[in-house]
Each structure stands twice: as structure tokens, then as C-alpha cells.
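1. structure of the sequence below:
(2 chains)
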Amino acid sequence: MSPQSRELLQRLHAAEQQLNGIILGKAPTLRLALVCLLAQGHLLIEDVPGVGKTTLAHALATVLGLKFARVQFTSDLLPADLLGVSVYERQTEQFRFHPGPIFTQLLLADEINRATPKTQSALLEAMAEQQVTIDGQSNPLPKPFFVIATQNPQNQIGTFALPESQLDRFLLRLELGYPDARAERALLTGQSRRDLLAGLQPALTPAQLLAAQRTIEDIKLAEPVLDYIQALIAATREDQRFSCGLSPRAALGLVQACKAAAWLANRSMVIPEDVQQVFPALAGHRLLLRQSGRADPHCALQLLRVVAIP
Amino acid sequence: MVKAHTLLALQHQQWLSITLAICSLPHLVQQPPWLAACLALVLLVFSSLSPDWRSRIPRWSTWLLAGVVATLVWQAHNTLVGREGGVAVLLALAIVKLLETRTRRDARALLLLMFLLTGVAFLHGQEPWQAAYALLASVAIIACAQHIENQILPLGNNLKASGRILLEGIPIAILLFVLFPRLPSPLWAVPDSQQARTGLSGEAMTPGNIANLIQDDSIAFRVSFQGPAPDSAALYWRGPVFDDFDGEQWKPAYAETAPQAAIRFTQVPQISGEGPGIQYTITLEPNQQPWLLALDMPVQIPAGTALSNRLQLINPSPITERKRYTATSLLRWQTRHDTDEQIMRSLTLPVAGNPQARALASRWASLPPAARVQAGLQWLQTQGYRYTLSPPLLQSRDRVDEFLFQSKLGFCEHYASAFAFLMRAAQVPARVVTGYQGGKANGDYWIVRQAEAHAWVEVWLAEQGWQRVDPTFVVAPSRINEGLANAVNTAELPFMLRNDNAWLRLARLRLDVLVNHWNQWVVGFDQQKQQDLLKKLGIEDFLSLSFLAWLFGGLLLTLGGFAGWLLYKHRPARLDAPSRALRQLERKLQLPREPSETVSDYLARASSQRPSLARRLQQIGALYLACRYAEQAEKLGALRRAIAALPARSRR
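-> Residues are numbered from 1 along each chain as shown, chains lettered A, B, ... in the order given. Model prediction:
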């Protein structure tokens, strides 16, 4: 590992440490959140209200030193509210584009499933192409660009399920879940989260984050691990329970995420343990059950138990 | 195909246990309940043992256990061989084998044992549902084999794939079923189970024993007529004939059994008759008796059987398997003469007893013989006799008198017995014939049930020879004309003979059509049928050596070529060096790795079991990951040395 890479890793671990001080008792989930951003993926956090989804997004933006914007998705949110509008300026006798809140480095799309499908789709191009096209003119988004979306479980009132195409654009989906008893006690007796958030320091610059993203390209991926990844992907496609298996985009994402996980674990090669660490968060929201049309996170875990490691 | 000495994982053990349970079920239900409970318990306990526990069980204990189960089987069956004992031993040992199934090789042996168990289950019976269960068990075994040979699939896919494998085997199975040479008789006889079989007895007839059969609606035999079927009132199915009466029982005066295949009866009366012969094929359920049933009176009998001096159809050996035979009978027949000895025997009565009946018969002494028969029938018709399924028990010394003059309630054997007695007392030679009367058409064949057992009388008249007289007919004509259900109180009858609940009975009859086809074409596919079928296909000399050589040579070559191609196509990928080292480690630790378990998890598990090795296992793990996933081949030597240096686990 080059000294430069080592320094980046130290900075990221420092960032991770700060996150662990804010969100208590959720180290594996926070590690996956970092994995997701390092693999240049967008993150979906799904859980009931009040477990710290928004806090996590805030904290991530701060410790990674990213420009941060938050949009509260509601049922009357329009695409223009998100992307921006062209306004006619009398002085110049021209239309001028006023960029919306999406022109940021880290966009927190809070409660994304409360917006209508139309607005949700407006995010699609931005997430996939890192640019926004309005009135035939493409406007590139800043680099790096991440979307962290939070959503409540779909059986709650007044929500629109995300379309499959949109779901596929989120690299990982995480659930925070309730803290365990010890973490909750620490939460109840400790400082207020708001104060802690204010005290967070950026651990690295956006440029360093981009460098870290490039670093993980050097992680070694041996044949047996590729065999394993392909076996897992094939298993999702053969399994009759799912309406469709994992897409090639998901497979590419899995490779990236595994490399990021390996790098964060201070290793120069991917091992099946990395695959098992990342796979449930990657596959959970993509594998929709044929019968109910909904995702069941347990299915991904089940597949891990069934597919042999070559 | 995976290496044979690979250790089995927990998943594999569970699959094996479940499959073994499926294969054992048909045998367990046949065992005495306590033995079945014991074996099921052993199966349950073994299947819950983890591979780790298994590896701690010393070798000698499996021998001990085998001895214990052998003792249990001996307790239950008093033997370790034969159908009952042998099957129980096989079952018990298969279950014990589960305990020492540690490697893939053991699993393969156990899977073959399960196939054997599934085949052996046909010793308990060869009904269609048993075949269906065997098919199910085969799917389970194949699925288990697939799982163990490391093709881990979701359960549904695995079962589907196994079903497909079985389907692919069916053409070969059909080919072998049709073409494999059938033997004229089985190589070994399956001894009958100890369960008593109900049915007509050829040894004696006592009033009361046919009435017991009435409660039995099981099938005695099935008949298909080659031409139009006669009226059911004419269907007298002739069985054992009795010509000796001791005052209580009717018996044969001498045994007419023939242990040899070539039966010779020297004094068989000549039968003549008119009208077209009725040709029919009977499929007789096994009744453990050395005689067959035939429509009264057979003139062309199946090969290997013989018509006895009493005109009874004799088989060389007891019927222990379903027997299918074709015969031709005449409904109107005569016997010109019979031996004096036979006629004299048909006049013999005990010296004393039943004085009232004798007095009644002596009143008819002046009439000609044919008129005496008529007088006897008229007596039964006019004196208020009633036909019932539950006659009172006759207990006095003079039972014929008691029946004729007091109770006047009787079933067919009461009437046959009393009438034959009256005739003999009136100097008309008479004997009792038992068999079945009637039957029920079901599609293109007839079913005759045990409940339709019947007894009638034959009298000898000088002009006509032996004549059938059915005294039951004059008492209850509806029994003969309309069947049993119309002659008696329906509530006393078994379900299949009643008239109510027609749809349920219809469903069972429909099912019987299926069973009949199964019996005819699968179970009853014997040498004769095979030859007939092949002749239709144009193969005349089926058993010729050259044909068989071509057939099996071709079959072997095809299958061999196919197997060779498959083996070549699926030749095992050579394991890479680090994986081989890991296998070595698994053997050394005697702890198998689950197929989906990562090396870190595996080593953590191993460390928790042998904490003293934790540090070394950690090093091994790091070396393995470096060799395999970072492709640092230079560390391979270190990995191998580290594994070789581990102390082997001592087997306790």
C-alpha cells in the first residue's frame, strides 16, 4: 500500500471514528455507509422515524467535508423545486438557469418515498449521469456527488414505493434499527446529538475523497472471488422466488463495493468475507419477491447460506 | 463429482437424515410399534448430532449399536432373515449407518442403501400408491445426492432437477421392464406374512364361517370376459368341494392337493355340455390356497393346473402372489358317469344324529330321485325359512335338526349343509360346493368380493349326472337374482356391498379400475404377456441368445458411451493448491467447513473448539487468504508447513 493510500485510509478511519461517536452501536452499518460512498454509489437508508437516519446523513457530510443540501420530499414537491429553473432576466434579455438544491456534493433526500413518482424520477438522471438537463442544456453536477435518501417503510401512510429502476440506482440500502440497550443508555445520558453534530470536524477534503475513490481501483480481485460473485449473481437469477435477479449494474456495484470494503479493512485484495459483508445491503432492495412484489432482506442472507464459496 | 473422502457438512447430514426418514417410513409402519418407535428415536437422535459430535464417537460403539439393534430385531421377529427379519435388519443397519456417515463416500453408500430400502418396500405390497411413494422417495434420494455432490440449489430447484433426472431415466426403465427376460416363476418365493388371510377355506365348511366373510368387502378376484358377460345370476364361481360330513363340519374325504407341477387325477368325470364356451380371465388375489376359482363348470383350464376328481380346479402350489389365468367354462353341463366310490361317498352320513331330519327324508323315499330333490326344495320354500346374515348360533348335538325345525334362520351354508344332509338321508348322492356367487361389473371387468362367498349343493341323478341345486335360491331368490344387498338388511353389510352412498362407492370403483390396470399390466406382466407383447412388435424368438446379446450389448454400449461422455464433460476441476491445503486442514481438525462458510468464520469456529490452536489458526488463515486471493504463491510453502505442523486430533 502506498504511503498516500495509507494516509487516506487513516483519514477515513478518523472520519469513521467520529461517526461512531454520533451514531452509537452501529459500527457495521456505518462501515457500509462509507463503503457505499467510496464505491461512488448512492445510499438508501430505510427505517422507521427517529432512529437517526438524518443525523447519519448530516454527520457523513460533515466528516467527509462535503457541501451539503437537504431536501425534504413531500407529495407536492415538483422536479423544478429540486433541479432548479430557467428564469427570464430582463436586463440580459435571456433565460438564466437558477440551480436548485441538487447542485451540491451530498444531497440528503429526506423521506424520498413521500414524493410523487414524477419527482423521484427527476433524481434518476442526476444519480446516473451526474448531470442535470433542463431546457435541452446539460448542467454538470459538482464532484463528488452523492445522494443519500432516507425512506420510511412502505406500509406507512402517504408513501409512494420507489420504482425498480430507481431502486437499482442506489448501490446499498441500509437499515439502522433500534440501538441495543447499552448504546441507548449512552445515548440517553450523553450530550445532545445536535451539539455533537455541531462539533464534528471534516476529516478529509472532497479532493482526498476523490483520490480515495481512485485508490480502491488498485485492490486485487482474484479469480476465485469473481467465481463467487458470479455464483451469487447467478443464484439470484435462478431462484424462482424473485421476479428478477441482480442486474449487471448491480454486479458491477458489488465488485466496487467489495473493493472498497477490502480497502477499508486495510487489505490489498478482496476476499469472500468482503462479499458476504456487502451482499445483503446490495441485494436486499433489488430482489423483489414474485409473490408480494416486495423486498425481503432475509432472502439475501439465505442465498449467502446456500451458495458455496468456490 | 467431488472427492470421496471429503468430510460432510452439517447441511449434508440433515439432508441425509430427512431422506433416510422418507425411505424408512414404509418399513417403519410394518414393524411392531415398539421397534418402530425405537428406530425412529435412534434416527431422530443421530440426525440431531453435529458433525463435531459425530467425530467424537469411537468406532467400536457403532459395532455395539449394530449388535443392540440386531438383538431388538431378533426380539421382534425371532429371526434375522426372511422378509420380516431381513427387512428389519436392513432398516436398522441403514439407520445405524447414519451415525458413522462422516465422509462423502459414506454418504454415497448410505444413498445406495436408501435405494435398496425403497426397492425392498415392494415386499410389503405392490399397490400403485406404494409405487407412487417409491417414486417420491427416489426423487428425495436423487435430490439428496445432488446436494451432497456439492450442487447446492434452493430446495424447489433441486427437487425440480431431481424430478427431471428421474424422468430421464424412465425410458430406460420402461425398456428394461418390457424387455428384461421374465422367469416363468420367481427365483425365490416370498414367504407369506404371518397375518391371517381371510377367504374361503378349502379344509372345512362349518355353518357360520361364510357368514363371517360377509363382513369382508376386500376383493377376492377380478374377471374380464372375452365375450359378453353372462347374467350375474348364472355366475357360480366354483371353489372347494366337500363330500364328507361328520355331523358338524363338511370336509373333503381325502386331500386333492398335488405338490408336483404335473397333476394327474385318474377318476375325473367326463364333462359334456352345449352352447358356446365362455372364455374369461381371472386375476386372483393371493389366498394362500392351492386351488383356483373357475366359473361352474370349466372345460378348458389354464396350463399347469388340473381338474380334480371332485371337479375342483387345483393349482400345484398355494397362491401367494396375485395370479392371472384364463379358462373357458360351460354354463350348462353334464357329467355322464362318476366312480361308484365317489357316489357312495356322497351318500354317507354319520350313523346317528339328527333323527327329525332323517324322518323327514324317509317320507320322500318312495319318490323317484329327481322328485326327492324337488320335495326337499319345496320343503325349504314353504316352511317359513328366512335368509339372514346373523343366524342364531347352533349349539345342540343335532344341528341340522335344530336349524331345520327350530331356528329356521340361516345363511347360504346352513341351507347347503341341511339340504345336502336331507338328500343323503333320502338316498340321493349329494355334496357341498363352495365358491362365490355373482359379482359386480366395473367398466370392462367384474369385481368379486369376499362377501360374495357362497355355498350350494350338487346332487347326483342317474340320468343327468351331477346337478347344481342351490337351496338358498328357493329361500331368497333375490340373493341370486339381484345380489346380496337386496336379500339382507343393508346395515349388516360392509360398505362396498351396500346400496347407499353411491357416489363414494363409485369413486372407489373408479379407483379400482386404475388398480386393475396396474395389476394387469405392471404387477402381472409375466412371461406370457411379455411374449405376446413382443410378438405384436414382431419379435418372435425373444429368448434367443443372439437377440439378447444384441439387446444388452447395444444397451450397455449406449449407456456406457453416454456415461463416458458425461464423466468427460463434468470431469472435476482440479482444486487449486491453497484449497487443497485447506482440505488438509479440515481433515486434520476433523471439522468440516460448511460450503458457504468463509475461511475466517470457519477458523473462528475451529478456534472456539480448540482454543490452544487459536494463534496458529489465525496465522494459517492469513497465509491462506494471501495465497488464494492475493495470489502470493510464495507463501504456499509456509501455509503447507503451518498446517502440517498442527497436532492431529486424537480420536477418542
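2. from now on I want contacts and neighbour counts done on CA atoms only, so please keep to that.
-> Fine.
3. any residues of chain B in contact with chain A? List them.
-> B:152-154, B:157, B:595-598, B:600, B:625, B:628-631 (CA under 8 Å from any CA of the partner chain).
4. which of the residues you listed fall in helices?
-> B:Asn157, B:Ser600, B:Leu625, B:Arg628, B:Tyr629 (DSSP state H).
5. pretty sure the fourth one sits against B:Ala581.
-> No - contact status for B:Arg628 versus B:Ala581: not in contact, 10.6 Å apart, counting by CA atoms under 8 Å.
6. now list the buried members of the ones in helices among the residues of chain B next to chain A.
-> Among these, the ones that count as buried by 16 or more other CA atoms under 10 Å in any protein chain shown are B:Ser600, B:Leu625, B:Arg628, B:Tyr629.
7. dump those residues into CSV; add distance to A:Val85 and pLDDT as well.
-> Listed next are those as CSV, based on distance: CA to CA, whole Å; pLDDT from 0 to 100:
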residue, distance to A:Val85, pLDDT
B:Ser600, 54, 89
B:Leu625, 54, 89
B:Arg628, 55, 87
B:Tyr629, 51, 88
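8. residue ranges with poor pLDDT in the stretch 101-250 of chain B?
-> Residue ranges of the stretch 101-250 of chain B with pLDDT under 70: B:150-152, B:184-198, B:208-209, B:211.
9. can you give me the helices in it?
-> B:104-120, B:128-148, B:155-179, B:209-213 (DSSP state H, counting those that start in this stretch).
10. redo those helices as TSV? Include distance to B:Arg479.
-> Below are those laid out as TSV (distance: least, CA to CA, whole Å):
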stretch	distance to B:Arg479
helix B:104-120	44
helix B:128-148	34
helix B:155-179	44
helix B:209-213	14
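11. wait, A:Ala212 sits on A:Leu38?
-> Yes - using CA under 8 Å, A:Ala212 is in contact with A:Leu38, at 7.0 Å.
12. more neighbours: which of those two?
-> A:Leu38 (26 against 22; other CA atoms under 10 Å in any protein chain shown).
13. what's near enough to touch the more buried one?
-> A:Leu209, A:Ala212, A:Gln213, A:Ile216, A:Ala257, A:Ala260 (CA atoms under 8 Å, 6 or more residues apart in numbering or on different chains).
14. output stretch B:430-439 as PDB, nothing but the C-alphas.
-> Output in PDB follows, covering the C-alpha atoms of stretch B:430-439 (Å, rounded to 0.1, in the frame of the first residue of the first chain):
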ATOM      1  CA  ALA B 430     -75.200 -85.000  -2.600                       C
ATOM      2  CA  ARG B 431     -72.100 -82.900  -1.800                       C
ATOM      3  CA  VAL B 432     -71.500 -79.200  -0.800                       C
ATOM      4  CA  VAL B 433     -69.700 -76.900  -3.200                       C
ATOM      5  CA  THR B 434     -68.300 -73.600  -2.000                       C
ATOM      6  CA  GLY B 435     -67.200 -70.600  -4.000                       C
ATOM      7  CA  TYR B 436     -68.600 -67.200  -4.900                       C
ATOM      8  CA  GLN B 437     -71.800 -66.200  -6.500                       C
ATOM      9  CA  GLY B 438     -72.400 -63.100  -8.500                       C
ATOM     10  CA  GLY B 439     -70.000 -60.100  -8.800                       C
END
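15. which parts of chain A sit against chain B?
-> Taking CA under 8 Å from any CA as the criterion, the neighbours of chain B within chain A are A:220-225, A:239-240, A:268-273, A:304-309.
16. from chain A, how far off is B:Val45?
-> The spacing between B:Val45 and chain A, counted by CA to the nearest CA, to the nearest Å, is 24 Å.
17. one step back: farthest pair within the contacts of A:Leu38?
-> Maximum pairwise distance among these (CA to CA): 15.1 Å, between A:Leu209 and A:Ala257.
18. so B:Asp386 makes contact with B:Gln406?
-> No Asp there; residue B:386 is Arg. No - in this structure, B:Arg386 is not within contact of B:Gln406 by CA under 8 Å, at 11.9 Å.
19. who's more crowded, those two?
-> Of the pair B:Arg386 and B:Gln406, B:Arg386 is the one with more neighbours under other CA under 10 Å, namely 17 against 10.
20. which one of the helices of the stretch 101-250 of chain B lies closest to A:Thr159?
-> For A:Thr159, the closest of the helices of the stretch 101-250 of chain B is helix B:155-179, at 34.6 Å, according to CA to CA.
21. in the stretch 451-600 of chain B, which spans are helices?
-> Under DSSP H, counting those that start in this stretch, the stretch 451-600 of chain B gives helices at B:471-475, B:477-481, B:502-518, B:527-536, B:545-569, B:577-589, B:599-609.
22. contacts for the second one next, please.
-> The one in question is helix B:477-481. Contacts of helix B:477-481 (CA under 8 Å, 6+ apart): B:Ser232, B:Ala233, B:Gln437, B:Gly438, B:Thr472, B:Phe473, B:Leu484, B:Ala485, B:Asn486, B:Ala487.
23. domain parsing for chain A?
-> Taking automatic domain parsing as the criterion, chain A consists of the domains A:3-212, A:219-310.
24. which of those sits most buried?
-> domain A:219-310 (a mean of 19; mean count of other CA atoms under 10 Å in any protein chain shown).
25. so how far is it from its chain's centroid?
-> Centre-to-centre, domain A:219-310 and its host chain are 16 Å apart (CA atoms, centre = their mean, to the nearest Å).
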